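Peer 1: I would like the atomic coordinates for the input below:
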Amino acid sequence: MSSSSSSVPDFPPAAVREIVKEVTDLLQQRGETVSIAETAAGGIISSSILSTPGASRIYKGGLTLYTLESRLSYAGWTPQTISAYTGPSPSIVSGLATHVRSDLKSTYTLAESGTAGPTGGQTRSRKPGYVALAVDCDKGTFTRELETGLGGERVANMVRFAVEGLTLLRDVIKGTAKAQEHL
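Peer 2: Okay, the predicted model is just below:
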């Protein structure tokens, strides 16, 4: 709760509330489950799902894989994967989604990797605001990549990454996602 007398919770972030409700309602109605592998969103996706009543029926687990070392330990990465790593990409998040879904046996796995800022690099995937997303399920792996246009606004990018990831998940659940999208 905020320090004011308001009864509106500060969490999930306001921008996430509508899409997380839509996704969790869909999962609950369909009796399906989700797992999460997130990096730059820093746990916002998982914690937003977990803030929803009934989350234990739909949430199989999640990982916040912020460092390359954590990806070695928990995401099936090898030293060769790390030596070839050039930043977030559709292939990176596809691999994360596939690995985590295999381990956690969920209906869907959403993976996210991006550059939240305020600093970054010169390549597209290293500029603040870039995010690559993937959802793996029995129908295949669906990817989406985009730039938020928010520059180096770290927290705003993190929230937007969560919203965009949950939006892709919703689109996959509803059958409206394309296999690969660049927005």
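Peer 1: mind exporting stretch 21-34 as CSV, just the C-alpha atoms?
Peer 2: The C-alpha atoms that make up stretch 21-34 are tabulated as CSV, following Å, rounded to 0.1, in the frame of the first residue of the first chain:
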residue,chain,number,x,y,z
LYS,A,21,-5.6,-9.8,-15.2
GLU,A,22,-6.5,-10.7,-18.8
VAL,A,23,-3.7,-13.3,-19.0
THR,A,24,-4.4,-14.8,-15.6
ASP,A,25,-8.1,-15.0,-16.3
LEU,A,26,-7.4,-16.7,-19.6
LEU,A,27,-5.1,-19.3,-18.0
GLN,A,28,-7.5,-20.0,-15.2
GLN,A,29,-10.5,-20.3,-17.5
ARG,A,30,-8.5,-22.8,-19.7
GLY,A,31,-6.9,-24.7,-16.9
GLU,A,32,-3.4,-23.9,-18.3
THR,A,33,-0.2,-23.0,-16.7
VAL,A,34,2.7,-20.6,-17.3
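Peer 1: contact partners of that stretch?
Peer 2: By C-beta atoms under 8 Å, 6 or more residues apart in numbering, the surrounding residues in contact with stretch 21-34 are 49, 52, 54-55, 57-60, 106-110, 166, 169-170, 173-174. Just so you know, the C-beta spots here come from the backbone N, C-alpha and C atoms, and that holds for glycine as well.
Peer 1: Can you list the buried residues in it?
Peer 2: Applying a neighbour-count criterion of 16 or more other C-beta atoms under 10 Å, the buried positions in stretch 21-34 are 22, 23, 24, 26, 27, 33, 34.
Peer 1: Phi, psi for the third one please.
Peer 2: It refers to residue 24. Recorded main-chain torsions at residue 24 are phi -70, psi -40, according to degrees, to the nearest 10.
Peer 1: what about it, distance to residue 59?
Peer 2: 9 Å (C-beta to C-beta, to the nearest Å).
Peer 1: Now the common contact residues for those two.
Peer 2: For the pair residue 24 and residue 59, residues contacting each of them under the criterion C-beta under 8 Å, 6+ apart are residue 49.
Peer 1: before we move on, the earlier item: which members of the buried residues of stretch 21-34 are the farthest-apart pair?
Peer 2: 22 and 33 (16.4 Å; C-beta to C-beta).
Peer 1: for residue 129, phi and psi?
Peer 2: According to degrees, to the nearest 10, the main-chain angles of residue 129 amount to phi 100, psi -10.
Peer 1: Kindly apply the preceding question to residue 108 instead.
Peer 2: Per-residue torsions, residue 108: phi -130, psi 150 (degrees, to the nearest 10).
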